[in-house]
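Trainee: Predicted structure and sequence below. I'll ask about it afterward.
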Amino acid sequence: MQLPFVILKPHDMKHLTSPFVLGLLLSTMALFSADLHGQAIPDVQIKDLESRAVSTAQYITEAQGPVLICFWATWCSPCKRELNAYADYYREWQDLFGLELIAVSIDDPRSVSRVKPYVNAAGWDYSIWLDPNGEFKRAMQVINAPHTFLVDPATNEVIWQHNSYTDGDEDEVYEQLEILAGKHD
Amino acid sequence: MTNCISRWALWLAVLCSCGGALKAQSSSGDGEQGYITGNVQVTMQSYNADSLIGALVPPGKTGFNAFGNLIYTKGDFSAGLRYESYLNPLLGFPGRFHGTGIGYRFARYKKGQFDVTIGNFYEQFGSGMLLRAYEERNLGIDNALDGFRLIWRPVDGLVVKGLYGKQRMDFDSRLINGPGIVRAFDAELDVNTLITSLHDSKTRITLGGSFVSRFQAGSTLSVDTLVLEVPQNVGAWGYRANVQHKGFQASLEYVTKINDPNADNTYTYRRGEGVLIGAGWSTKGFGVTFSGKAVDNMSFRSDRNLLLFDLPINYIPAITKLHSYNLAATLYPYATVTQGEVGGSAEVFYTLERGSKLGGKYGTKIAAQWATSFSLDTTNLTGVEGAVYGYERNSWKPGSELYIRDVNIEISRKISKKWKVKYTYFHFDFNTLATPVTTAYKGIVKANVHVAEVAWRIKPKHSLRTEFQVLTTGIDEVTGGKQDRGDWATVLAEYTISPHWFFSFQDQYNYNTAEGESGLHYMYSSIGHIEGSNRIAVGYGKRREGIFCIGGVCRAVPASNGFELTFTSSF
């Protein structure tokens, strides 16, 4: 990416002594050298439901198909509505697109022990990760749950994301999976 | 202001330049450029005076809180900052938060077995009973550490953490840390990963241990006729174990702290202790869990003179679950009494199979919970001993004073592709002296809450969700009137057009008040648009004063009447 070309006139030079201008110039140069598109999955060490350590980036890299990452909590009603709705379609999505859904619980120490019995009783077949102090949540720039990301298996980058859940959002997930499948055909 | 913006620009430059400088060293594969992610959260609220509900107008007429996060990642290196604005802070937030500037900044580098963080970071050891630095931004709670952290993974299955830092206390156009220094060490062992022969075992064992120390300069305390030295270094330590075998899970954590005279324990020299136990079993369609908790004098802060939300080093989880329906969640939310309590809970989850007689075509989910907590079983000491140590704990049995009893049951059923229904019942015996959530009643409030929720999928992408909630309180034996603020009813209707639009209307009605006053309505409506990870919403109306809780931490929010604009976005 090329940097914007700016001609500095002599009277502008004194402004370069200001920390603000200097900082802004340096940061603009650094930002332009970075990639603002295609968020990769950050590498955070968290645990799964069996207390096994999981390296998030490595796990996604090794996934065979598209991955849907859903941030949720046992106290979050729309999150549970979302994951219950997806449960009705999950087997179909697995067969059609090879999808893996990872439900990342952000339950804190107060409620994290409820996650396993809740998930088993609900009959969810998803992979479950536990993020009790929000480290993966912060790394993924999640503000509020539910927040859902679709990751392209070819690039391991987020290609679609959605904040909140309303009834019928599963249709949009299906549309995005179809688009992704079409892209790789 | 100019200085503040300059600092912001310089930080941005430093973090991005660091990433650039590391470009040549990093070998892992994000390509040449690295990437930037971020998010923005903005809330603006206007305030109108409303004498009926007690809503006041602050001098600035409006409140404005905004946060912007930026993280630059390049291979094993990442750096980021959070820019914050409180111009002026929303009512209910700490009033001393002012101005605009950087409230959080860090740089982190991982290489091989080592992971180093410089600047701000969040951390949690075990369940957090010894150390938990975390953020609940919507409550204005942020006790982030500011210093150095080293995480070392010498072999697979062993994680060792060490840190030194001060904690975030305040914000006045910049981050302001508290006076104490926190030093901490933690080691966690995943036995199955460490021992090769146990890799595939169905029994999984995790063990851990921590030590946390606080240094704060201090002098002496005058107690009765004594002049006592204040411990400048306060150490706390603990052990934990977690065992899982197929569907069975059990955990145990014990923590203790040396004498730590502080504002929470009225400057007495008792030792602190805490125990957390849990057990559960689950299989497809069924789950049950039990937990027990006992804490005695375990408030631990990096400034011994502060109270409430300021500078907590540790976090003691409440025994009750966090409720999500408005009346149950905000009128009588329970928070741990960190100075001392004994409690327990049991919860069961069950799904009636789809296609069965009771389960119906799509199945029926049932969840029920019982949770209670009492004071400690103690004897108050007298004389000089009493002034120095306060009390003596007789046993870990529950004491005579009930703090909370929370019994709830939830039944949800999908009737057809278009209709879903859910009924929830709650009963609370809530001691407002132990958890002072109201000033209108002192004693045990008995409250019953019924909630019916109906969701109707009108046509593809169009849905209507409604909630009908009623909360009734018991009769005050002295006055013969209703306890606390009387009874409440709530109606909520939410119309959504997936995936972009939502419209909602809510009316909360306070009736049968203790004073027999005519009822008050709190009506609030909002409209919002969602576009991927962007969400904008505008609301207008009245909100009652109450307790706003997230993740087990609660803050009192005053009554308000006015517009609210919220915008969130992440990339």
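Mentor: Thanks, I have it. Computed from a predicted model, the values in this text were never measured in an experiment.

Trainee: For the residue positioned nearest the centre of chain A, give me its contacts.
Mentor: By C-alpha atoms, centre = their mean, chain A has its centre lying nearest to A:Phe149, at 4.4 Å. Each residue near A:Phe149 by C-beta atoms under 8 Å, 6 or more residues apart in numbering or on different chains is listed here: A:Leu68, A:Ile69, A:Cys70, A:Met140, A:Val158, A:Trp160, A:Gln161. In this view, the C-beta of every residue, glycine as well, is placed from N, C-alpha and C.

Trainee: ok, now with 6 Å
Mentor: By C-beta atoms under 6 Å, 6 or more residues apart in numbering or on different chains, A:Phe149 lies in contact with A:Ile69, A:Val158, A:Gln161.

Trainee: For A:Lys183, state which of these is nearest.
Mentor: A:Val158 (14.4 Å; C-beta to C-beta).

Trainee: Run the chain-centre distance for the helix or strand encompassing the closest one.
Mentor: A:Val158 belongs to strand A:157-163 when assigned by DSSP states H and E. The chain centroid and the centroid of strand A:157-163 are separated by 6 Å under C-alpha atoms, centre = their mean, to the nearest Å.

Trainee: Give me the pLDDT for B:Ser213.
Mentor: Listed pLDDT for B:Ser213 reads 97.

Trainee: Could you measure from it over to chain A?
Mentor: B:Ser213 is 21 Å from chain A, where distance means C-beta to the nearest C-beta, to the nearest Å.

Trainee: Mind listing residues that contact the helix or strand hosting that residue?
Mentor: Using DSSP H and E, B:Ser213 sits within strand B:203-215. With contact meaning C-beta under 6 Å, 6+ apart, strand B:203-215 is reached by A:50-51, B:125-126, B:130-131, B:180-192, B:233-245, B:302.

Trainee: ditto for stretch B:460-480
Mentor: In this structure, residues lying in contact with stretch B:460-480 by C-beta under 6 Å, 6+ apart are A:167-168, B:325, B:327, B:445-457, B:482-484, B:487-498.

Trainee: which residues sit in contact with B:Arg543?
Mentor: Counting by C-beta under 6 Å, 6+ apart, B:Arg543 touches B:Ser560.

Trainee: bridging residues for it?
Mentor: B:Ser560 (DSSP bridges).

Trainee: which regions of chain A sit below the pLDDT cut-off?
Mentor: Within chain A, the stretches with pLDDT under 70 are A:1-38, A:184-185.

Trainee: How far off centre is the longest helix belonging to it?
Mentor: In chain A, assigned by DSSP state H, the helix with the most residues is helix A:169-184. Relative to its parent chain, helix A:169-184 has a centroid offset of 16 Å by C-alpha atoms, centre = their mean.

Trainee: Show me which residues of it are buried.
Mentor: Across helix A:169-184, burial judged by 16 or more other C-beta atoms under 10 Å in any protein chain shown covers A:Asp169, A:Glu170, A:Glu172, A:Val173, A:Gln176, A:Leu177, A:Leu180.

Trainee: Also stretch B:560-571?
Mentor: For stretch B:560-571, by 16+ other C-beta under 10 Å, it's B:Ser560, B:Asn561, B:Gly562, B:Glu564, B:Leu565, B:Thr566, B:Phe567, B:Thr568, B:Ser569, B:Ser570, B:Phe571.

Trainee: The helix or strand containing B:Val348 near chain A at all?
Mentor: Per DSSP H and E, B:Val348 falls inside strand B:340-352. Yes - Strand B:340-352 reaches chain A (C-beta under 6 Å from any C-beta of the partner chain) through B:Phe349, B:Thr351.

Trainee: which neighbours does that strand have in its sheet, and in what orientation?
Mentor: Strand pairing for strand B:340-352, determined by DSSP bridges: strand B:286-296 (antiparallel), strand B:364-380 (antiparallel).

Trainee: List the contacts of it.
Mentor: A:117-118, A:121, B:285-294, B:296, B:319, B:358-359, B:363-374, B:376, B:398, B:403.

Trainee: Please pick the buried ones from these.
Mentor: The buried subset of the contacts of strand B:340-352 - by 16+ other C-beta under 10 Å - is A:117-118, A:121, B:285-294, B:296, B:319, B:359, B:363-367, B:369-374, B:376, B:398, B:403.

Trainee: quick revisit: keep only those of the contacts of A:Phe149 that are also close to chain B.
Mentor: Checking those against chain B by C-beta under 6 Å from any C-beta, the ones in range are A:Gln161.

Trainee: among the contacts of A:Phe149, who's most crowded?
Mentor: Sorting these by how many neighbours each has (other C-beta atoms under 10 Å in any protein chain shown) puts A:Ile69 first, at 24 neighbours.

Trainee: what pairs with the residue nearest to that residue when sequence neighbours are not counted across the strands?
Mentor: With sequence-adjacent residues excluded and distances taken as C-beta to C-beta, 6 or more residues apart in numbering or on different chains, A:Ile69 is closest to A:Phe149, at 4.4 Å. Legend: beta-bridge partners of A:Phe149 under DSSP bridges are A:Ile69, A:Gln161.

Trainee: how near is A:Phe149 to A:Arg110?
Mentor: Using C-beta to C-beta, to the nearest Å, we find A:Phe149 at a distance of 26 Å from A:Arg110.

Trainee: hmm, back to that, present the buried residues of helix A:169-184 as a markdown table; the columns should include distance to chain B.
Mentor: A markdown table is the format used below for those (distance: C-beta to the nearest C-beta, whole Å):
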| residue | distance to chain B |
| --- | --- |
| A:Asp169 | 5 |
| A:Glu170 | 9 |
| A:Glu172 | 5 |
| A:Val173 | 9 |
| A:Gln176 | 10 |
| A:Leu177 | 14 |
| A:Leu180 | 15 |
